[in-house]
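Engineer: Have a look at this prediction, sequence included:
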Amino acid sequence: MPDGQLIHVLVVAPREPVSEWLISTLHAEAGVVMVGVAPTLERALPLIGQRKIDILLLDGGVPDAQQLDRLQAIAALPLAPAVVLMVSAGDMPFVQQALFAGARGFLLKPYTQEQLMTSLRQTFDMQNQQRQALVTTQVAAPAFEETAQVCVLFSPKGGIGRTSLATSLAIALHQESDQPVTLVDGDLQFGDVDIALNIMARKSIADLLPYVNELERHIIDSALIKHTSGVQVLLAPPQFDPAVTVDESRLAHIIKSVAATRSGYVIVDAPAGLSESTLSLLDVAQRVLLVTTVSVASLRATKRFLELAAKLDYPRDKLVMVLSGYRKDDIPLEQIERHLSWPIGAVIPNDPTAIALALNQGQPIVARDRNHAISKAIFKLARQLSGGPTGGTPQPTPPAPAPAPGQRPAASRLMQLRPGRADS
């Protein structure tokens, strides 16, 4: 096997039966080169500078008070090995800290030989892609004179078709504006943009977390997937991952970094409901598409959010209300606008059968049937957002600056707005 296809592995683990099994397993694999074994990360550091190492397998049980500092030092090396943690279920707090310090992933004990090798190969492939992208970027790095506009789709209530709208809008906006569009699944725990687009991939936003402090274009590009429509997609993790607990500053920072490395538009499918994390997403957006329906519960939640937006000093032209699933025999649009004291920017007709079919087949409705009434409404919305021939909307409001990665505000703004406070 050519050397470029061999995985060079350094193991950092104490001598115990489990570690002996790990070492003998790696020795037996034809595609793996065992570089060595070190009892601590401190002892491993000299080896990293002397030998070729693709992956460093680190046992989370290795005692080291300076482990996180050493991980950051390794991540800062020019050709740093990818660090994969081997941890128990009780080590999840450490896993989260280690990922932000530079670790690439983790294996949960007990794991099988197949799980071990799958993790090594996936990490090795990602490592090679990022190294090749780094070389390409260093040779000729294109300069962007403009930053992509961030548009967040948000709904206070779930189950109203926000993801279907987000995927179709991204495709329509790409076609109508003839500009690059990046679609981000902002629901890190339960996102399903991959289902709506019929995408099966191992790359996701989780691959960016180890680089949250240094999100350059080649790193972001390595996690993006190109859909057949031409839209670039940044997916949520494919499986529930308790380690992916991104606070509001980190998630907002990732979105800002994605927008800063490309032109066109970044469409974010935000999770339903309001949290500090979602609020920070709305802060960095130039446009917020507030998606609602005519149901009493949805309209009440929408009205509450509009009241909150006023307290947060959001400019009125930042919010575009989108009425989804509207039927001709529903409440008149004028009555809804009077109730909410807000204009309706777009109306998406109701056809649950067509939407369900599109979702089940993983083909957004604008791609399935451009002439469908829902598709026409979404294309019209896309032209409005891009300033097309339907009249366009005012210039988007500049976003609020995202907090630095890992930086938390002194107090939650949602807590500050609780009733009964003097400043509310």
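Structural biologist: That came through fine.

Engineer: From now on I want contacts and neighbour counts done on CA atoms only, so please keep to that.
Structural biologist: Will do.

Engineer: Can you name every helix or strand that whichever strand or helix holds K256 contacts?
Structural biologist: Using DSSP states H and E, K256 maps to helix 248-260. Using 3 or more CA pairs under 8 Å, 6 or more residues apart in numbering; DSSP states H and E, the elements in contact with helix 248-260 are strand 265-269, helix 276-284.

Engineer: Out of the ones you listed, which one sits most buried?
Structural biologist: strand 265-269 (a mean of 27; mean count of other CA atoms under 10 Å).

Engineer: Buried residues, the helix or strand hosting A301. List them.
Structural biologist: A301 belongs to helix 296-311 when assigned by DSSP H and E. For helix 296-311, the neighbour count (16 or more other CA atoms under 10 Å) marks 298-303, 305-306, 309 as buried.

Engineer: to the chain's geometric centre, what's the distance from it?
Structural biologist: Centroid separation for helix 296-311 versus its chain: 26 Å, with CA atoms, centre = their mean, to the nearest Å.

Engineer: likewise stretch 309-323?
Structural biologist: Relative to its chain's centre, stretch 309-323 lies at 24 Å (CA atoms, centre = their mean).

Engineer: Now that stretch: buried residues?
Structural biologist: Neighbour-count burial for stretch 309-323 [16+ other CA under 10 Å]: 309, 314, 318-323.

Engineer: C-alpha coordinates for it, CSV please?
Structural biologist: Extracted in CSV, the C-alpha atoms of stretch 309-323 (Å, rounded to 0.1, in the frame of the first residue of the first chain):
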residue,chain,number,x,y,z
ALA,A,309,-37.9,42.2,18.9
ALA,A,310,-39.0,45.7,19.7
LYS,A,311,-37.4,45.5,23.1
LEU,A,312,-34.2,44.2,21.4
ASP,A,313,-34.3,47.3,19.1
TYR,A,314,-34.4,45.2,16.0
PRO,A,315,-35.1,47.5,13.0
ARG,A,316,-38.4,46.8,11.3
ASP,A,317,-36.8,46.2,8.0
LYS,A,318,-34.7,43.4,9.5
LEU,A,319,-37.8,41.2,10.0
VAL,A,320,-39.8,39.8,7.0
MET,A,321,-43.0,38.0,8.0
VAL,A,322,-43.7,34.8,6.0
LEU,A,323,-47.2,33.3,6.3
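
Engineer: quick one: average pLDDT of that stretch?
Structural biologist: Stretch 309-323 carries an average pLDDT of 92.

Engineer: what's the helix holding A301 packed up against?
Structural biologist: The helices and strands touching helix 296-311, judged by 3+ CA pairs under 8 Å, 6+ apart, are strand 287-292, helix 333-340.

Engineer: Which strand or helix spans L116?
Structural biologist: Element membership of L116 [criterion: DSSP H and E] is helix 113-139.

Engineer: so V84 is in which element?
Structural biologist: Secondary structure assigned from DSSP H and E places V84 in strand 82-87.

Engineer: Need the contact partners of that strand.
Structural biologist: By CA atoms under 8 Å, 6 or more residues apart in numbering, the residues outside strand 82-87 that reach it are 54-61, 95, 102-109, 123-124, 127.

Engineer: Cheers, nothing more for now.
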